[in-house]
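Trainee: give me the fold of what follows.
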Amino acid sequence: MIKEFICDSDGMRLDTFIASVCDDYSRSYFKTLISEGNVTVGGIVITKAGTPVQAGDRIAVDIPDPVRSDNEPEDIPLDIVYEDDHLLIINKPQGMVVHPGAGHSDGTLVNALLAHCDGKLSDINGVLRPGIVHRIDKDTSGLMLACKDNDTHVRLAKMIADHEVVRKYRAIATGVIKSEKGTIDAPIGRSDKDRRKMIVKGDGKYAVTHFEVVGRYCEATDLLLKLETGRTHQIRVHLHYIGHPIVGDPVYGTKKNSFGLEGQALHSTSIEFEHPITGEHMYFECDIPEYYKRLTGSFTPLSI
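Mentor: Take a look at the predicted model:
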């Protein structure tokens, strides 16, 4: 399906302009279409999303037809904290993969959501990630959002990008952090040596994490963290950067002692935002899970 538009202003980014006149999809979706050669300006294919457009430019966007999804609905129990006609908030257990990918074709949160919502989920992120507006890692537990329609998805995605969705996490960091609170301001980018890992690097993307101490132990420190930005693996990378990786982290932590965990001790404990459709103030919090309680209960308290 090809949609055509006439630009009515000077100097706007190409992806920003398209998103402003075609709000069925997110700017990130159009950024992908541009990079894949699906957008022309004056009949010329443009592959850079940041290309400025001028008033009078004729812009054509080739939006691919939906691809059939092989995702199957699965009757997997979900801990749904909140649900309405537009969105859901799920308390995801540790070990559950969010969406299908290599090695995980079923048993994911997406499979469970397809069954629960009878397939009525946003499709902006494609057939592999219906409803998913943001994600948390497989071994991170706790609260995350899912969307039922594209309008809600577009609005929530913008709110997340504009830092209007406040997410707080609990994490158990190895070693003793002596400061009561602090801020880690360090850019994050993909490692050149291992493309599966993210690292702090000078040419990385701006990333800020705030933390405060909840409890100290001889072996570790229990933290409450607030994300100012939402980079891939941000908390895990930032705590590793300051020398206190998360207990049990198989990628950024120490393999010497994982305290019997199969993944990192990281829990999305609260989420706060204005409802993108109704404008209602939303705040949800969930208790720390049993694995987290058992871990802290096994430590020796430390007084400083």
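
Trainee: counting contacts, what elements does the helix or strand that contains Thr269 pack onto?
Mentor: According to DSSP states H and E, Thr269 maps onto strand 266-274. Strand 266-274 sits against strand 141-147, helix 150-161, strand 166-174, strand 281-285, with contacts defined as 3 or more C-beta pairs under 8 Å, 6 or more residues apart in numbering; DSSP states H and E. Using the backbone N, CA and C atoms, a C-beta is placed for each residue, glycine as well.

Trainee: is it possible to export those to CSV including distance to Lys226?
Mentor: Below are the helices and strands packed on strand 266-274 laid out as CSV (distance: least, C-beta to C-beta, whole Å):
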stretch, distance to Lys226
strand 141-147, 14
helix 150-161, 14
strand 166-174, 5
strand 281-285, 13
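
Trainee: ok, and the closest non-adjacent residue to Thr300?
Mentor: Cys218 (4.4 Å; C-beta to C-beta, 6 or more residues apart in numbering).

Trainee: ditto for Ile76
Mentor: Ile76 sits nearest to Ala112 (C-beta to C-beta, 6+ apart), 3.8 Å away.

Trainee: sorry, back to before: other residues contacting the strand holding Thr269?
Mentor: Outside strand 266-274, the residues that touch it by C-beta atoms under 8 Å, 6 or more residues apart in numbering are 89, 92, 136-137, 139-145, 156, 159, 164-171, 224, 235-236, 246, 249, 280-286, 288-289, 292.

Trainee: and with 6 Å instead?
Mentor: 136, 140-143, 165-171, 246, 281-285, 288, 292 (C-beta atoms under 6 Å, 6 or more residues apart in numbering).

Trainee: over to stretch 4-15?
Mentor: Under the contact criterion C-beta under 6 Å, 6+ apart, stretch 4-15 has outside partners 17, 21, 27, 30-31, 34, 49-55, 57-60.

Trainee: show the buried residues in the residues you listed.
Mentor: Neighbour counting with 16 or more other C-beta atoms under 10 Å marks 17, 27, 30-31, 34, 49, 53, 57, 59 as buried within the contacts of stretch 4-15.
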